[in-house]
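Student: Structure of the sequence below:
(chains A and B)
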2 protein chains.
Amino acid sequence: MLTYELTAEGVPLYQQLYQAIRADITAGRLSPDTRLPSKRSLADNLGISTITVENAYDQLISEGWVIARPRRGYFVAAVVSRKEPKAVKAVTLPPMPGNAPPEARFNFSGGRTAAEQFPFSIWARLLREALSHRKNELLQPPPGSGAMELRRAIAGHLLSFRAMAVEPEQIIVGAGTEYLYGLLLQLLGRQQLYCLENPGYHKLEQIYEKGGACLTWAGLDEKGLSADQLRSSGAAIVHLSPNHHFPTGITMPASRRYELLAWASEAGDRYIIEDDYDSEFRSRGRPLPTLFSIDACDRVIYMNTFTKSLIPTIRISYMVLPAGLAARFDRELGFYSCTVSSFEQYTLAAFISRGYFEKHINRMRLHYGRKRQQILELLRHCLPEGVCHVRENDSGLHFLLELNTSLTDGEVKERLAAKGAKISAVTDFYHHDSDKAALPSKGLFLFNYAGMELEQLEKYLKVMAKILKDADCRPPAMK
Amino acid sequence: MLTYELTAEGVPLYQQLYQAIRADITAGRLSPDTRLPSKRSLADNLGISTITVENAYDQLISEGWVIARPRRGYFVAAVVSRKEPKAVKAVTLPPMPGNAPPEARFNFSGGRTAAEQFPFSIWARLLREALSHRKNELLQPPPGSGAMELRRAIAGHLLSFRAMAVEPEQIIVGAGTEYLYGLLLQLLGRQQLYCLENPGYHKLEQIYEKGGACLTWAGLDEKGLSADQLRSSGAAIVHLSPNHHFPTGITMPASRRYELLAWASEAGDRYIIEDDYDSEFRSRGRPLPTLFSIDACDRVIYMNTFTKSLIPTIRISYMVLPAGLAARFDRELGFYSCTVSSFEQYTLAAFISRGYFEKHINRMRLHYGRKRQQILELLRHCLPEGVCHVRENDSGLHFLLELNTSLTDGEVKERLAAKGAKISAVTDFYHHDSDKAALPSKGLFLFNYAGMELEQLEKYLKVMAKILKDADCRPPAMK
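Tutor: Got it, this is the predicted structure:
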């Protein structure tokens, strides 16, 4: 019987067991076709859980060291089916774009949310119920636009949260907003000119470009997207986040919203895509009505996602089309299969309709609100007002730091990176054609607090404070 | 306390309860803001399960008849939040394209699989384990190409099932093959000329067209896609199903596979997209090696899905890119988020690596094999050889019926439709530009047996037999 000491600190038990068995196989102490102990007996022998053994066996099987023969057991594989664990061949792995460089241990601007607050056990229970009681529905593919039950639940949610009265038939469910943007491109036509906010979310630009759309940009003023620039761009469709602009955090006031709706109503092929991505997290007061709800001319497409309000691994987003566009969607794109599994749709529908989503949002709002207060305190403590001004407006999960320094944005970023911290400047989010020297927003940095860990934050705020202090103590010539 | 008699035959209990409560609300017997009993007390009172009450309350809530107030209970809604259940307003619902017309009670050519064989309880257990033991992974978004554990499991599966040795990094996981076709278009470029099989799967044409690709078609001979027509089409990329063509069922022999690989190797921008959609269900012998596994020039992209082999509501598909293309995918399209939730990825990975997928496939193969035999018997019994010849080759979940009749394909379809049965002719799957009068495949009909119910089939085979008999007994002038 295999016996190991699994006493390494900080390494999960299943991983230690996996490594121990693998070592025995590579060293030849366990030869090909040797039958491994059953999970229960090995677990009993080592005084660990069967789940731990199962996870270790899983990894050995998936890398080809061990083979599972149903009803017969687990056997050491013959040499030819083995594959070296990919970590060993690290040099051949293509780099993963979009991740923080390995050296950054803290990210001021990262997009993580406080996912550990997610009520896993409730979700698990609802999933089990869906599996037990919805077998009939689960045996059929859902309608292309999503299961009616989920669309009804979303409509109910929009009514109480955003005072939007929509028919479920107007709602299209998809596996992420990126997928839905692609569908919109097909529906509205990629030959149209699409206008994005500048600065804005860079990934949006990539998605539209890869989707084959013609793009243009309009700048912002203190009220958000400039209606004048939009008009002179000649675009037919504009994509914006009026509730909480990324990255500046600006909430578009009512007057500018009316200007945009006026623009949209002037021609039959104009549309506004309203991206309401973190509207659940306004800390005080109610958010302004959505453009969708004050639109009298069926020109607004509303988009939102559960990815930020639940956990990033549940990929369910939706868009609400004005009625005429919804009918056209069914005619022209109705052949597409839905991209979200029914299990998850029915689970989410129950999660919303039984009040758990509302409870969760309220709890997260309190949690983020408290966290925001603590962080603002910490900022005041570590970076005095003359050095750092916080620009925030009780909205969403990020705000801006305005740093009063002679360092350029690039220098701030480099010096932080040298100390293991990553930060994004608002200037990073401008379209590359912009004349960066002329940009008014030097010294503005994105502070995304949702996933931050307070002790780490304090440590790196002190690092930042020192960098700023040192820079401003030196005579200019030495920079 | 609400008390109802729930004795209707054939109507699920929760639906009866829902209807009873709704009737009380609409009739005013339950007025707005009335507090409904707790689920447990109502269940106890009516002698039914709490789950039944929960489902009934769910539906009432999602339609706005009842409101859930967390920690306080369930209350009859005020009038303004109620929405008529959509079934009442049937006339305003946009038609769902792609569904059988409501009058068809039996579909000879429908695509359903025997989903009721799916091991729900095993899937549920693995899902629960993923939820309990993978919390760390579940709190992070998965890599854009999919969770590494699932990609390793798929690589292991391809090795044992299809003798394909691939690195997990070559595998891209997505929410359905339709979504992956869209990604391929972006990767390979929509300005390229794409060639489809004619006849072929009509939805493919819609997906490529909506994706903005330039399309052309190549016909088939008895070996499948014609290499000559492909060559003269000038296309750079061809999309085909060599293992089991849809709808003809032709399995491409090795000689034609080599011709295609030769075509692909002649120019650096040529690719073959190999759609292996139901290769698990060959009833006898091993399938021919995939084009991917005999390709020496990195020209083949292999695609498959779990949708047919599991159940249609789990939307997980994958493609395997040749190494150079995989690296390019990471560089150019690596910014996309994965469209499949981590829960499902880890569950599927465990389902595969612990041997359940292989067990399931074997069981389904036996099931479909037995079903195929019974159906072939039934066909011989109801439609004698002179009238109907079955063209099948032990492959996949569909085959062709060759009907010996003077009726046109359209007349066969109409007369069956008049009796409540739907059937597709092979001529339906030709590109609309094809000269239909010249097509050689008159009288060939698609028989998709996987989801068929045998009693119903016997009934409608007799209907078909009568239609054919009546047609051939009449003098030609009367048609």
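
Student: check contacts around the nearest residue to residue A:147 once chain neighbours are set aside.
Tutor: Spatial nearest neighbour of residue A:147, excluding adjacent residues (CB to CB, 6 or more residues apart in numbering or on different chains): residue A:345 at 4.2 Å. To be clear about C-beta, it is placed using only N, CA and C from the backbone, and glycine gets the same treatment. With contact taken as CB atoms under 8 Å, 6 or more residues apart in numbering or on different chains, residue A:345 is in contact with A:142, A:146-147, A:149-150, A:173, A:316, A:338.

Student: what about residue A:345, which SS state?
Tutor: Assigned by DSSP: H, G, I helix; E, B strand; the rest coil, the conformation of residue A:345 is helix.

Student: Go through the contacts of residue A:345 and name the one nearest residue B:130.
Tutor: Here the nearest of these to residue B:130, counting by CB to CB, is residue A:316; it sits at 17.3 Å.

Student: Residue A:424 and residue A:410, how far apart?
Tutor: From residue A:424 across to residue A:410, the span is 12 Å (CB to CB, to the nearest Å).

Student: Over to residue A:387?
Tutor: For residue A:387, the distance to residue A:410 equals 19 Å [CB to CB].

Student: who's more crowded, those two?
Tutor: Neighbour comparison, residue A:387 and residue A:410: the larger count goes to residue A:387, with 17 against 11 (by other CB atoms under 10 Å in any protein chain shown).

Student: residues touching residue A:319, list them.
Tutor: By CB under 8 Å, 6+ apart, the residues touching residue A:319 are A:171-172, A:174, A:177, A:180, A:183-184, A:301-304.

Student: Got the phi and psi for it?
Tutor: Backbone torsions for residue A:319, taken as degrees, to the nearest 10, come to phi -130, psi 150.

Student: For it, which non-adjacent residue is closest in space?
Tutor: Per CB to CB, 6+ apart, closest to residue A:319 is residue A:303, 4.6 Å.

Student: just the strands in the stretch 51-200 of chain A please.
Tutor: Under the criterion DSSP state E, counting those that start in this stretch, the stretch 51-200 of chain A carries strands at the ranges A:66-69, A:73-76, A:106-107, A:171-174, A:193-198.

Student: among those, which is nearest chain B?
Tutor: Taking CB to the nearest CB, strand A:66-69 is the member of those nearest to chain B, at 4.2 Å.

Student: Which of the contacts of residue A:319 sits closest to residue A:247?
Tutor: residue A:177 (17.1 Å).

Student: Neighbours of the residue lying closest to residue A:210 once chain neighbours are set aside, how many?
Tutor: Among residues not flanking residue A:210 along the chain, residue B:186 sits closest, at 4.6 Å (CB to CB, 6+ apart). For residue B:186, the neighbour count with other CB under 10 Å is 20.

Student: could you list every residue that touches residue B:186?
Tutor: Counting by CB under 8 Å, 6+ apart, residue B:186 makes contact with A:210-211, B:332-333.

Student: Go through these and flag which are in helices.
Tutor: Residues of the contacts of residue B:186 located in helices (DSSP state H): A:210, B:332-333.

Student: Of these, which qualify as buried by neighbour count?
Tutor: Buried by 16 or more other CB atoms under 10 Å in any protein chain shown: A:210, B:333, out of the ones in helices among the contacts of residue B:186.
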